[in-house]
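Chemist: The following block contains a protein sequence and its predicted model.
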Amino acid sequence: KPWLDEADPDQVFFGSVHLYHPGFYPGTGDGSVVEGRKNIVSVPLPEGSGSREFRAAVANTLLPRLKDFQPSIIFISAGFDGHAEDDLGNGGGLKLTEDDYAWLTHHITYIADTYAEGRVVSVLEGGYDVREFPQDSRKRLGRVVNQGSQRRGPGVTGALASSVAAHVAALMAPAVVAGQQAVPGSRS
């Protein structure tokens, strides 16, 4: 038993947003394992899900439960293999963009600023597309990165790099939710 005492499992919130369809390795994550646990949230997305489905599922499931939990620190295991251009990571199953990752990161930093004094730790979990981006995608990346940090690193390529750049820019930016102004006391 990895817990110090019987109350410990109730002191941890775990949320997962992931591709799910029967036969997709490892075959878990359909949501059935979390029945009765308010602090464990599984958000399975069907094959072909894009920005609209991702944002609706997160906004209606994960974010309200995370707010209700009122975390004292947030750890993000940031997987970017759901990017539309990452065929190796998700087999083409999800159609997310770097804007989706930035959107989620902004919402998480808002919750961290509200309940956890801004404490967020983020580690890279996945994302495998490191191919060179075409010129039009580089322009899109520049817009995403510049919105957050006002800086753009040279030579950013591939879906993984653009997703990481958008995520880091959102971590560094003031907590902005749904186009609203920065939250008082947030990062600046």
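Modeler: Good, I have the coordinates. Numbering: from 1, shown residues only.
Chemist: Double-check that Lys105 belongs to a helix.
Modeler: No, residue 105 isn't Lys; it's Thr. Yes - using DSSP: H, G, I helix; E, B strand; the rest coil, the assignment for Thr105 is a helix.
Chemist: ok, now which ones touch it?
Modeler: With contact taken as C-beta atoms under 8 Å, 6 or more residues apart in numbering, Thr105 is in contact with Ile76, Ala166, His167, Ala170, Leu171. In this view, the C-beta of every residue, glycine as well, is placed from N, C-alpha and C.
Chemist: Pull up the per-residue confidence for it.
Modeler: Note for Thr105: predicted pLDDT of 94.
Chemist: after the helix or strand bottoming out on mean pLDDT in the chain comes which helix or strand?
Modeler: In the chain, the helix or strand scored least confidently by mean pLDDT, DSSP states H and E is helix 135-149, which has a mean of 50. Next along the chain after helix 135-149, taking DSSP states H and E as the criterion, comes helix 158-172.
Chemist: Summarise which helices and strands that following helix is packed against.
Modeler: Applying 3 or more C-beta pairs under 8 Å, 6 or more residues apart in numbering; DSSP states H and E, we find helix 158-172 packed against helix 98-115, strand 120-126, helix 135-149.
Chemist: Just list what the second one packs against, helices and strands only.
Modeler: Judged by 3+ C-beta pairs under 8 Å, 6+ apart, strand 120-126 is in contact with strand 74-79, helix 98-115, helix 158-172.
Chemist: List the buried residues of the first one.
Modeler: In other words, strand 74-79. By 16 or more other C-beta atoms under 10 Å, the buried positions in strand 74-79 come out as Ile74, Ile76, Ala78, Gly79.
Chemist: Just to check, the second one is in contact with Leu124?
Modeler: By that I understand Ile76. No - between Ile76 and Leu124 there is no contact under C-beta atoms under 8 Å: 9.7 Å.
Chemist: Show me where the protein dips below the pLDDT cut-off.
Modeler: Where the chain drops to pLDDT under 70, the residues are 1-4, 24-27, 31-36, 89-92, 130-157, 175-188.
Chemist: Kindly recompute the last result at 50.
Modeler: Filtered on pLDDT under 50, the chain yields the residue ranges 1, 147-154, 178-179, 181-188.
Chemist: Look up phi and psi at Glu85.
Modeler: Note on Glu85: backbone dihedrals following degrees, to the nearest 10 are phi -90, psi 0.
Chemist: ok, now how distant is it from Ser163?
Modeler: 9 Å (C-beta to C-beta, to the nearest Å).
Chemist: For the two, work out which one has more neighbours and name it.
Modeler: More crowded of Glu85 and Ser163, by other C-beta atoms under 10 Å: Ser163, with 30 against 19.
Chemist: What separation do you get for the nearest residue to that one once chain neighbours are set aside and Ile111?
Modeler: Take Ser163 and drop its neighbours on the chain: the residue closest to it by C-beta to C-beta, 6 or more residues apart in numbering is Phe80, 3.7 Å away. Distance, Phe80 to Ile111, by C-beta to C-beta: 20 Å.
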